[in-house]
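1. Below is the sequence, then the predicted model.
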Amino acid sequence: MARVLVTGAAGFIGAAVAERLCSRGDEVLGIDSLDNYYQVSLKEDRIAHVREGAAGRFVFKRVDFSDWDALSAALEGEHFDSIIHLGAQAGVRYSLENPHAYAQANLMGHLNLLEVARARGTAHMVYASSSSVYGGNDKLPFAVEDRVDHPVSLYAATKRADELMSETYAHLYRIPLTGLRFFTVYGPWGRPDMALWLFTEAILAGRPIKVFNQGEMWRDFTFIDDIVNGVVACLDSPPADNGEEKAGGSVKPHALYNIGNHRSEKLTRVIELIEEACGKKAEVELLPMQPGDVEKTYADIDAIQRDIGYQPTTTIEQGIPRFVEWYREYHGL
């Protein structure tokens, strides 16, 4: 049995990962600042949900990990074997409005976790990167071998910076690090700022949905259970410090993986499935492309399949009705 520090434990992916770790017998120390980027009540409900099924294996502390003094104080006297660093300021569009939040959480916060890992000789740190690092790359599907020097949002730039900082720490301190480039994650307990939630909410309320780029948008939608399987499998397989080239090109103990569904779905198909699950047609407002957004994402997952045995199994035809069912239940609809 191991004890794992999970940051962003009140977040969508963080709570699901914490739940899975506890269910397999690990202990989890979860930290989160519970910031109000979206409703705090949802974050608190996720924590309560994890705690309910954790049989005493889950401890939660409210702390802002981008504040070094507060983080150090919270972790004093706490033991953990490895780290899953999922906490971040998320969202591409919000990075246009509040850039400083991204520098603070995603740059200072990531550096702080690297410092914790270094000081404690942590066995492995898995951290969240993003498919946004691929920016405006035209080559599809996106592969970890591709160059990622041209981010189109500040959010993407901070996530790429996290990868570069991690490479430095793997080189200087030989800390095993694995960065995961997540592709559009969805499912029960999801995020209210993401398309699936926004569309479901609007359709059920009879309001029009906003569809950008006139609906010419494709995303690699990945169901939360598949993502959790990949995160936990990566935690169990730290990159070796053997001088051999890892996924992403490092010869240090640092691997980078895409974690997606390996299918690019057109947004209009996703809307159809939400309509079916809601039993209502959507009223659609077609809008131009948003600044910082990209038209298509599509994950090449060869590396994580080869190294970790990751295999997503949930199609959007299965996953979207499960999200809508959860959404109705959560809101008592």
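-> Nice, I can see it.
2. how close does Leu204 get to Lys280?
-> Going from Leu204 to Lys280 by Cβ to Cβ, to the nearest Å gives 7 Å. All C-beta spots, glycine's among them, are computed from the backbone N, C-alpha and C.
3. Same drill for the two, tell me which one is more crowded.
-> Leu204 (18 against 13; other Cβ atoms under 10 Å).
4. Phi and psi next, for the more buried one.
-> phi -70, psi -30 (degrees, to the nearest 10).
5. What's the separation between it and Arg93?
-> From Leu204 to Arg93 the distance is 23 Å (Cβ to Cβ).
6. What of Asp162?
-> With distances taken as Cβ to Cβ, Asp162 is found 20 Å from Arg93.
7. Kindly confirm my reading that Gly77 forms part of a strand.
-> No - judged by DSSP: H, G, I helix; E, B strand; the rest coil, Gly77 forms no part of a strand; its state is coil.
8. Next, count neighbours for it.
-> 6.
9. After the helix-or-strand element of the chain with minimal mean pLDDT, heading C-terminal, what element do we hit next?
-> Lowest by mean pLDDT, DSSP states H and E among the helices and strands of the chain is helix 94-97, with a mean of 84. Next along the chain after helix 94-97, taking DSSP states H and E as the criterion, comes helix 99-102.
10. Now do that next one: which elements does it pack against?
-> Contacts defined by 3 or more Cβ pairs under 8 Å, 6 or more residues apart in numbering; DSSP states H and E place helix 99-102 against helix 154-173.
11. hang on, Lys139 packs against Asp146?
-> Yes - here Lys139 reaches Asp146: they are 6.3 Å apart, a contact under Cβ atoms under 8 Å.
12. So between the two, which is more surrounded?
-> Asp146 (14 against 11).
13. Name the nearest residue to that one, sequence neighbours excluded.
-> Asn137 (5.9 Å; Cβ to Cβ, 6 or more residues apart in numbering).
14. who's in contact with the one you found?
-> 146-148, 150 (Cβ atoms under 8 Å, 6 or more residues apart in numbering).
15. so can I have CSV of the residues you listed showing distance to Ile31, pLDDT and secondary structure?
-> Listed next are the contacts of Asn137 as CSV, based on distance: Cβ to Cβ, whole Å; pLDDT from 0 to 100; DSSP: H, G, I helix; E, B strand; the rest coil:
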residue, distance to Ile31, pLDDT, secondary structure
Asp146, 33, 94, coil
Arg147, 34, 93, coil
Val148, 28, 94, coil
His150, 33, 91, coil
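16. Please list only the buried members of those.
-> Buried members of the contacts of Asn137, scored by 16 or more other Cβ atoms under 10 Å, are Val148.
17. Run through who's touching the helix or strand where Ser41 lies.
-> In this assignment (DSSP H and E), Ser41 forms part of helix 40-53. Contacts to helix 40-53, defined as Cβ under 8 Å, 6+ apart, come from residues 9-12, 15, 18-19, 22-23, 28, 30, 32, 34, 58, 60, 189, 192, 330.
18. Give me the common contacts of Leu204 and Lys280.
-> Common neighbours of Leu204 and Lys280 (Cβ under 8 Å, 6+ apart) do not exist.
19. Val92 is in contact with Ala156, isn't it?
-> Yes - the criterion here is Cβ under 8 Å, and Val92 meets it with Ala156 at 7.3 Å.
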